[in-house]
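Return a 3D structure for these sequence lines:
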Amino acid sequence: MDQRENLRNIAIIAHVDHGKTTLVDQLLHQSGIFRENEAVAERVMDSNDLERERGITILSKNTAVMYQGTKINIVDTPGHADFGGEVERILMMVDGVLLLVDAFEGCMPQTRFVLKKALGLGKKPLVVVNKIDRPGARPEEVVDEVLDLFIELGADDDQLEFPVVFASARDGYATLDPHNLGTDMKPLFEKILEEIPCPQGDMNGPLQLLFSNVDYDEYVGRIGIGRVERGSCHVGQNITLCHNDGSRKNARITKLYQFEGLKRVEAQSASLGDIVAVSGITDLNIGETACDPEHQEPLPFVKIDEPTVSMLFMVNNSPFAGREGKYVTSRNIRERLFKEVETNVAMRVEETDSADTFKVSGRGELHLSILIETMRRQNYEFQVSRPKVIMKEIDGKLQEPMELLMIEVPDNYVGAIM
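Model (predicted):
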């Protein structure tokens with residue numbers, strides 16, 4: 001087994017608003033990725049307008065920082081269950097997770113959702129208790145709560161021995177003792193290098209590259225983002241793409257990118273453990289493997305959760321039609337919806353009997369409302385039906401999707417809530 005000692009791949013998981021994106025900001029700034037005079041936005045990872053307005057992460061994003069000669073690939077993941085499709089795929093690319101918990105609020109429902117996925121895949125956790133500068137912070141109690149949650153989720157003995165770092169991402173410091181405030185993020189960087197395992201595998205074997213995400217670029221077409229699981233790849237290399245349906249297709253890597261800070265930088269080659277973006281493969285889909293043509297061995301991929309809610313998207317035929325948007329025809333709406341499905345894997349789009357109506361299914365109402373709002377801002381005009389729960393027939397019985405709801409209330413209100 002070869003090891004890449006100078007590389008770490010981690011995902012950051014947290015409940016909505018526990019300071020995940022702010023923490024990534026600090027890691028980027030303190031690793032010296034930006035020039036002294038470079039203008040950098042706050043919450044730099046939430047790059048799309050909707051994310052900034054709502055203060056939530058919707059799309060997972062890759063970034064990379066260098067610390068003492070080691071490259072740390074960091075993937076920011078969404079904290080909302082509707083974007084669970086993103087989270088599961090992203091965890092396939094990393095070796096460990098940074099679990100971020102608010103020192104005042106403690107473990108929240110969403111923390112449970114993402115952590116369960118990570119522990120199930122056997123990822124090594126590193127717990128960061130954030131916002132220790134907040135009035136009413138109770139870092140030690142929160143660590144106990146995290147331990148209880150780990151036990152409840154069935155963590156193994158190794159995972160239960162998790163290291164803890166205390167931090168205030170807003171003020172830019174981390175420390176191993178909550179009573180002695182730190183000065184910078186160095187303790188967190190050190191813990192990442194010490195605790196998160198480096199990528200392991202066969203560095204000289206035939207190529208296996210598993211794609212966990214897809215991006216789209218107007219100029220170069222589909223871009224596959226994934227991790228080199230075995231061997232190495234280089235620009236101009238001939239590969240065989242193993243599709244999810246079992247078919248095979250020969251292709252060529254025309255461009256290869258690696259991540260540096262927030263930028264994609266063109267690279268000539270990449271080897272075991274590297275997270276790369278590849279262009280030149282036309283009908284690439286998430287969960288597919290690029291292999292050496294002589295050794296076609298596709299890798300298994302995590303199953304994406306099925307949609308639970310559907311809505312109908314229709315051409316606007318109301319008396320107010322044509323007043324707001326620029327793209328109003330069924331052809332415009334159809335093109336845009338099918339383009340969305342190329343990168344948004346948890347979503348489904350189906351044609352209906354009517355030429356101007358499309359059935360769109362997603363993980364939840366937030367998932368669909370983000371699409372509606374994004375399209376509205378892109379000057380599309382359309383009307384939608386009310387959301388409808390997707391029923392399924394399993395073994396002759398009608399089944400509906402179930403969600404696990406957890407409500408946390410102070411003891412003296414339990415009676416009223418019940």
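
Could you use CA atoms for every contact and neighbour count after this?
Noted.

Which positions in stretch 320-333 come out as buried?
By 16 or more other Cα atoms under 10 Å, the buried positions in stretch 320-333 come out as 322, 327-330, 333.

Stretch 284-292 now?
Neighbour-count burial for stretch 284-292 [16+ other Cα under 10 Å]: 284-292.

Could you do stretch 167-175 as well?
Residues of stretch 167-175 classed as buried: 167-169, 171-175 (neighbour count, 16+ other Cα under 10 Å).

Out of the buried residues of stretch 284-292, name the ones that lie in strands.
Counting by DSSP state E, these place 289-291 in strands.

residue ranges of the helices in this protein, please?
Along the chain, the stretches classed as helices by DSSP state H are 20-30, 49-54, 84-91, 109-120, 139-152, 157-160, 186-195, 330-343, 365-377, 414-417.

Residue 378 - how many residues pack around it?
Other residues within reach of residue 378, judged by other Cα atoms under 10 Å, total 13.

just to revisit the earlier point, can you name the two of the buried residues of stretch 167-175 that sit furthest apart?
171 and 175 (12.1 Å; Cα to Cα).

Show residues contacting stretch 229-249.
Stretch 229-249 is contacted by residues 201-210, 250-256, 267-273, 284-285, 287-293, 296-298 when judged by Cα atoms under 8 Å, 6 or more residues apart in numbering.

What subset of those residues is buried?
Burial by neighbour count, 16+ other Cα under 10 Å: within those this picks out 201-203, 206-210, 251-253, 255-256, 269-273, 284-285, 287-293, 296-298.

hang on, residue 198 packs against residue 8?
Yes: if you go by Cα atoms under 8 Å, residue 198 and residue 8 touch, sitting 5.3 Å apart.

and for those two, which residues touch both?
residue 95.

Looking only at neighbour counts, state which of the two leads.
residue 8 (23 against 20).

For the closest residue to that one other than its chain neighbours, give its distance to residue 275.
In this structure, residue 8 finds its nearest non-sequential neighbour in residue 72, 4.8 Å apart by Cα to Cα, 6 or more residues apart in numbering. Using Cα to Cα, to the nearest Å, one obtains 10 Å as the distance from residue 72 to residue 275.

what about these two, which has more around it?
residue 275 (26 against 22).

okay but the more buried one is in contact with residue 226, surely?
Yes: between residue 275 and residue 226 there is a contact under Cα under 8 Å: 5.6 Å.

okay, and the common contacts of those two?
residue 93.

Contact partners for the residue nearest to residue 8?
7-10, 64-66.

Redo these as a markdown table? Include distance to residue 378.
Listed next are the contacts of residue 72 as a markdown table, based on distance: Cα to Cα, whole Å:
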| residue | distance to residue 378 |
| --- | --- |
| 7 | 39 |
| 8 | 37 |
| 9 | 34 |
| 10 | 33 |
| 64 | 30 |
| 65 | 33 |
| 66 | 36 |
